[in-house]
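K.L.:
okay, predicted coordinates and the sequence, questions at the end:
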2 protein chains.
Amino acid sequence: MARNKHPEETVGRILDVAMRLFVEKGFEHTTIQDIVDNLNVTKGAVYHYFKSKEDILDAAIERESAPLMKELVAIRDDPRMTGLEKMQALFEASMDGPQLPLSAEVAVEPDPVKNSRFLGMQYRSIIEEVAPRFVEPIIRQGMEDGTIRTEHPREMAEVVLILANLWVSPMFRMTDADQLRRRMDYYVELLHLMGLNVKPGRITGMLEDFRSGYEQKLQERGGRA
Amino acid sequence: MARNKHPEETVGRILDVAMRLFVEKGFEHTTIQDIVDNLNVTKGAVYHYFKSKEDILDAAIERESAPLMKELVAIRDDPRMTGLEKMQALFEASMDGPQLPLSAEVAVEPDPVKNSRFLGMQYRSIIEEVAPRFVEPIIRQGMEDGTIRTEHPREMAEVVLILANLWVSPMFRMTDADQLRRRMDYYVELLHLMGLNVKPGRITGMLEDFRSGYEQKLQERGGRA
């Protein structure tokens, strides 16, 4: 085999193919061989970059979430915003982002057991990283500047994230745009009850994007539905 | 092999051993052979009753949750209670029950990725069974009898259950009794904000049971921690 002069490109292609297969077949039912069969590389090349299928999933999720993580740091460290304004900015950031096309793709045939490894990794990322490193510090700032009232900053951070990423999200269950809209509406209502008065400005646009992506995928998969 | 005259007893023993191993080693790292090694039966006998490891987990979880399910039916169909009273009864029923010793056991070394299959099964059971069959009908009764106000009965049912079973629960993360208390307190606060004014009467007793079970397990596992 010729020496690979573009390792980043190879890694990128492995992750692209792996992510598509995990989404289509489910993580459990995808083998390294399936990934190899969809790439112009050898099994040895895949193992050169990744120890295991789990390792590939970790890397793929890290790559997907990198832009949002960068944005979270910028919001958290912005010296001009109050705590509540940062929660608003965070809510808006989570409406955009590259996860949307993927959501529409996944939502056509998702299942919480088939996708349980994604579910567990999301859960762990929330409680070990996103809640303590990003959302809790923002809530604590809000408690100090008087824009957020709570005695449970850690718990509030976790609830905000668990509901958004595990419950509202269409990644782990069959969902059409109307069901997603109802969960979104109730989520915004709950945030208001918690004293986090986010403006749901971008939700309608996000839902329209989801609806068109979802309907397109349904048509493409028409034969299988 | 002599013909088995007590199949229920055998099935019960398989489930006992399997559940203990799933909890101790994690579902992914437990094999059918591990289960056989801890029982006085052959591998063939295990396969006589169960198709697969997944099948054993399904049966074990079904057995664990059967008493609570029976109680949920009794609460839902009780003609004397209002919707809100039923939500209160449901909250209290979830404080008791056989899941507690198991919680203390699991909480000593749990992990959302290692236990992701449990997590996915809980998630599916909530959205496919417990929310639509039990909690949503109770909330709808409350909307009719004027004791619960919401325009999102399905979503309220799911949020109540997702937070209780996936977030408050110590099954999917390292938790000591103080952290569990903080999540419980914030959960009760959220229920109040949602208009579900449950009385947190039994929480203290439940937490004490958890604390003593947890500390005992920690001591037993002292060498491994």
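P.N.:
In hand now; what should we look at?
K.L.:
I'd say A:D34 and A:L21 touch.
P.N.:
Yes. With contact defined as Cβ atoms under 8 Å, A:D34 counts as touching A:L21 (5.6 Å). (Each C-beta comes from the backbone N, C-alpha and C, glycine too.)
K.L.:
can you list the domains in chain A?
P.N.:
The record's domain parsing of chain A by automatic domain parsing lists A:1-61, A:81-218.
K.L.:
and chain A, which of its residues are near chain B?
P.N.:
A:111-117, A:119-121, A:123-124, A:127, A:152, A:154-156, A:158-159, A:162-163, A:166-167, A:172-173, A:182-183, A:185-186, A:189-190, A:193-194 (Cβ under 8 Å from any Cβ of the partner chain).
K.L.:
which residues in chain A form helices?
P.N.:
A:7-25, A:32-37, A:43-49, A:53-76, A:83-95, A:99-107, A:116-125, A:136-145, A:153-162, A:177-193, A:203-220 (DSSP state H).
K.L.:
and the ones you listed: which comes nearest B:Q88?
P.N.:
For these, proximity to B:Q88 was assessed by Cβ to Cβ; helix A:177-193 is nearest, at 19.4 Å.
K.L.:
surely A:I35 and A:D55 touch.
P.N.:
No. Applying Cβ under 8 Å, one finds A:I35 not in contact with A:D55, separated by 11.9 Å.
K.L.:
so if I had to pick from the two, which one is more boxed in?
P.N.:
A:I35 (22 against 12; other Cβ atoms under 10 Å in any protein chain shown).
K.L.:
so who does the nearest residue to the more buried one once chain neighbours are set aside touch?
P.N.:
Excluding the flanking residues, the one nearest A:I35 by Cβ to Cβ, 6 or more residues apart in numbering or on different chains is A:A18, at 5.1 Å. Shown in contact with A:A18 (Cβ atoms under 8 Å, 6 or more residues apart in numbering or on different chains): A:T30, A:I35, A:K53, A:I56, A:L57, A:A60.
K.L.:
just send those back as CSV, with pLDDT and distance to B:G213 too.
P.N.:
As requested, the contacts of A:A18 are exported to CSV (pLDDT from 0 to 100; distance: Cβ to Cβ, whole Å):
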residue, pLDDT, distance to B:G213
A:T30, 87, 39
A:I35, 93, 44
A:K53, 89, 36
A:I56, 92, 39
A:L57, 88, 34
A:A60, 87, 39
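K.L.:
by neighbour count, which of those residues wins?
P.N.:
When neighbours are counted by other Cβ under 10 Å, A:I56 leads the contacts of A:A18 with 25 neighbours.
K.L.:
surely that one is in contact with A:V17?
P.N.:
No. Applying Cβ under 8 Å as the test, A:I56 and A:V17 come out as separate, 9.6 Å apart.
K.L.:
now for those two: what residues contact both?
P.N.:
A:I35.
K.L.:
what sits up against stretch A:55-72?
P.N.:
If you take Cβ under 8 Å, 6+ apart as the criterion, stretch A:55-72 is touched by A:11, A:14-15, A:18-19, A:22, A:27, A:35, A:46, A:50, A:90, A:93-94, A:97-99, A:102, A:117-118, A:121, A:125, A:130, A:134.
K.L.:
count the neighbours of A:D178 for me.
P.N.:
By other Cβ under 10 Å, the residues close to A:D178 number 10.
K.L.:
same check, this time on A:R149
P.N.:
Residues near A:R149, counting by other Cβ under 10 Å: 10.
K.L.:
contact partners for the nearest residue to it once chain neighbours are set aside?
P.N.:
With Cβ to Cβ, 6+ apart as the criterion, A:R149 has its nearest non-adjacent residue at 5.4 Å, and that residue is A:G195. Residues in contact with A:G195 (Cβ under 8 Å, 6+ apart) are A:I148, A:R149, A:T150.
K.L.:
cool, and A:F172?
P.N.:
Per Cβ under 8 Å, 6+ apart, neighbours of A:F172: A:P110, A:D111, A:P112, A:N115, A:F118, A:L119, A:L166, B:G120, B:Y123.
K.L.:
go again with 6 Å.
P.N.:
A:P110, A:P112, A:N115, A:L119 (Cβ atoms under 6 Å, 6 or more residues apart in numbering or on different chains).
K.L.:
follow-up on the earlier one: for PyMOL, what selects the buried ones among the contacts of stretch A:55-72?
P.N.:
The buried subset of these, as determined by 16 or more other Cβ atoms under 10 Å in any protein chain shown, is captured in PyMOL by this line:
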select buried, chain A and resi 11+14+15+18+19+22+27+35+46+50+90+93+94+97+99+102+117+118+121+125+130+134
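K.L.:
what lies in contact with stretch A:146-163?
P.N.:
Against stretch A:146-163 from outside (Cβ under 6 Å, 6+ apart): A:82-84, A:126, A:130-131, A:135-136, A:139-140, A:142, A:187, A:195, B:167, B:182-183, B:186.
K.L.:
ok, the nearest residue to A:R211 once chain neighbours are set aside to chain B distance?
P.N.:
Spatial nearest neighbour of A:R211, chain neighbours left out: A:A177 (3.8 Å); criterion: Cβ to Cβ, 6+ apart. Applying Cβ to the nearest Cβ, to the nearest Å, one obtains 15 Å for the distance of A:A177 from chain B.
K.L.:
and A:A177, what does it touch?
P.N.:
Contact analysis of A:A177 by Cβ under 6 Å, 6+ apart lists A:L207, A:F210, A:R211.
K.L.:
looking at the residues you listed, which is nearest chain B?
P.N.:
Chain B lies nearest to A:L207 out of those, by Cβ to the nearest Cβ, at 15.2 Å.
K.L.:
what about that closest one, how many residues nearby?
P.N.:
17.
K.L.:
next, format the contacts of A:A18 as CSV and append distance to B:R202.
P.N.:
Formatted as CSV, the contacts of A:A18 follow (distance: Cβ to Cβ, whole Å):
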residue, distance to B:R202
A:T30, 45
A:I35, 50
A:K53, 44
A:I56, 46
A:L57, 40
A:A60, 44
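K.L.:
out of those residues, which is nearest to chain B?
P.N.:
For those, the nearest to chain B is A:L57 (10.2 Å; Cβ to the nearest Cβ).
K.L.:
distance of A:M19 from chain B?
P.N.:
If you go by Cβ to the nearest Cβ, the gap between A:M19 and chain B works out to 18 Å.
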